[in-house]
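Q: Predicted coordinates and the sequence they were generated for:
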Amino acid sequence: MQVREVLREKGVVGAGGAGFPTYAKLKQEGIDYYIANGAECEPLLDVSKEIMARFPDRIVKALSILKDFTGAGSAVIALKGKYKQAVKALNEELSKTKLNIRLFEIGDFYPAGDEQIMVFEVTGEVVPEGGIPLAVGAIVNNIETLYNVYEAIEEDTPVIQKFITVGGQVENPITLKVPIGTTVGWLLDFLGVDYKDKVIVDGGPMMGKIVDLNSPITKVTGGLLIFPKHHPAVSVKESDLNRILRLAKIACIQCRYCTMQCPRYLLGHDLEPSKIMLSVGFNLTDGYIKQAMLCCECGLCEAYSCPQQLSPRRVNMTIKSELAKAGFKYATEKTYFNPRESRQWRKIPTNRLKVRLKLMEFDRPAFLVDGDFVKPPEVHIPMKQHIGAPAVPVVSVGDRVTKFQVVGRVPEDKLGCNIHASIDGTVVHCDGHKIVIRGEDVK
């Protein structure tokens, strides 16, 4: 099988974001840059940093394979310069292999790991509004995605585990591999984490979402962060949308901080959150509403910029959802985008963001403990863990399945990737949404 077919068959999707199927990115012409994104965008998450430091050979090999397959002009591993161990490990590997791959050390600002920010930092090209990196001849993959590419191609192993960081208000932060479908509650109990009267966030403090104990680990889970109730990282996620919309009218002072610090606005995109808030607050029907489609939902506006504690991000997310339901597609007549001069001094240092969100007390290394020691009694595997069509179950209740076995397939003519069993066991539940597999040792 070709690289594309292998990655689809083995279920490789973007591990650091929305889960875009990796095979679908692999255009074989016009690619100037193949970029490995190791910036670890969110505070308190250490997955990419730990993988680069521990498995530099796999990352370099996978990037080399994809560079050769796409015919990319150059390959770059972009990571924060402060990741000293990862930089050292990767440089040693590149020196040994002599492969045509270089490191690009990026600054420690938020959101350095945003795909379009990363492309501009590395290439100097701005991805057009509403566009993707391919528009400027670039492909970007998260570091864990490359690890999974290596496993799929070199080891014939599908994606059945997820690296996650468990951190926040925990005694011992840790990064580890977890079988996909493991429930949050079981994992935290297994690790001895006290979550009573606390809030669990799936992902980072900025873009993560609050989850309950029954939520499963998926291919795109970046971490589990535990926070006290009413912590700033929690309150920005719990604000009532109707209240936000009311406050947009009576409390937005049009200071424009949300606009002046918006990463996409600073890239030169026509996105002005302050004007969207004004339009929504006073029910104005003008061209600013459609700008919400350009929002990357990084959360700087709500967690850092707004002195009134409003949430332009939540407003933008709501507008995007409604416009998507209506079939609206963002279009622009602009063909060239010039970053605003102020961008160079308006990047938000990560440490300043941590102070603002009161994260410094939780800012401790979460070193990787490698090994397959997490063995849940059962797993709840969602059929949709990626952008595109959900997988269709190919097993039934009562079937015995083995680890690595395909349990869900996406139709050949649809965008998507296969889903695999992450443990040996028996299927005890199966519908169009999820498959539950109970381990062989569970009575």
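A: Ah, there it is. The structure displayed is predicted, hence computed values, not measured ones.
Q: how about the strands in the stretch 101-250 of the chain?
A: 101-106, 109-110, 138-142, 161-168, 174-179, 198-202, 209-211, 223-228 (DSSP state E, counting those that start in this stretch).
Q: Dump these into TSV; add mean neighbour count as well.
A: C-beta: built from backbone N, CA, C; applies to glycine. Listed next are those as TSV, based on neighbours: other C-beta atoms under 10 Å:
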stretch	mean neighbour count
strand 101-106	17
strand 109-110	23
strand 138-142	26
strand 161-168	25
strand 174-179	22
strand 198-202	22
strand 209-211	14
strand 223-228	23
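Q: List just the one of the ones you listed that sits closest to Arg352.
A: Taking C-beta to C-beta as the criterion, Arg352 comes closest to strand 109-110 out of those, the separation being 8.8 Å.
Q: List the neighbouring strands of the closest one plus their orientation.
A: Under the criterion DSSP bridges, strand 109-110 sits next to strand 348-349 (antiparallel) in its sheet.
Q: So what touches the strand it pairs with?
A: Contacting residues not belonging to strand 348-349 are listed as 108-110, 261, 300, 304 [C-beta atoms under 8 Å, 6 or more residues apart in numbering].
Q: Out of those residues, which is nearest to Gly204?
A: Tyr110 (9.7 Å).
Q: Just list whatever residues bridge to the closest one.
A: With DSSP bridges as the rule, Tyr110 is bridged to Ile348.
Q: who touches it in this structure?
A: 41, 43, 206, 298, 300, 348-350, 353.
Q: if we can go back for a sec, for Ile381, which of the strands of the stretch 101-250 of the chain is the nearest?
A: strand 174-179 (9.2 Å).
Q: Pull that closest one out as PDB, backbone CA atoms only.
A: Taking C-alpha atoms only, strand 174-179 is exported to PDB below (Å, rounded to 0.1, in the frame of the first residue of the first chain):
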ATOM      1  CA  ILE A 174       2.600  12.900  34.400                       C
ATOM      2  CA  THR A 175       2.600  12.200  30.700                       C
ATOM      3  CA  LEU A 176       1.700   8.700  29.600                       C
ATOM      4  CA  LYS A 177       0.100   6.500  27.000                       C
ATOM      5  CA  VAL A 178      -3.500   5.500  27.500                       C
ATOM      6  CA  PRO A 179      -5.700   3.100  25.400                       C
END
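Q: Would you mind giving the orientation angle of that strand with respect to strand 223-228?
A: 120 degrees (axes from the mean of the first three to the mean of the last three C-alpha atoms, to 10 degrees).
Q: so how far is strand 174-179 from its chain's centroid?
A: The gap between where strand 174-179 is centred and where its chain is centred comes out at 16 Å by C-alpha atoms, centre = their mean, to the nearest Å.
Q: which residues are in contact with that strand?
A: For strand 174-179, using C-beta under 8 Å, 6+ apart, the contacting residues are 46-47, 50, 160-167, 187, 191, 217, 366-376, 379, 422-423.
Q: can you put the strands of the stretch 101-250 of the chain in JSON lines and add distance to Asn418?
A: Listed next are the strands of the stretch 101-250 of the chain as JSON lines, based on distance: least, C-beta to C-beta, whole Å:
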{"stretch": "strand 101-106", "distance to Asn418": "29"}
{"stretch": "strand 109-110", "distance to Asn418": "34"}
{"stretch": "strand 138-142", "distance to Asn418": "19"}
{"stretch": "strand 161-168", "distance to Asn418": "15"}
{"stretch": "strand 174-179", "distance to Asn418": "16"}
{"stretch": "strand 198-202", "distance to Asn418": "23"}
{"stretch": "strand 209-211", "distance to Asn418": "25"}
{"stretch": "strand 223-228", "distance to Asn418": "25"}
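Q: Roughly how far does Thr335 sit from Gly124?
A: Thr335 sits 17 Å away from Gly124, going by C-beta to C-beta, to the nearest Å.
Q: Understood, closing this out.
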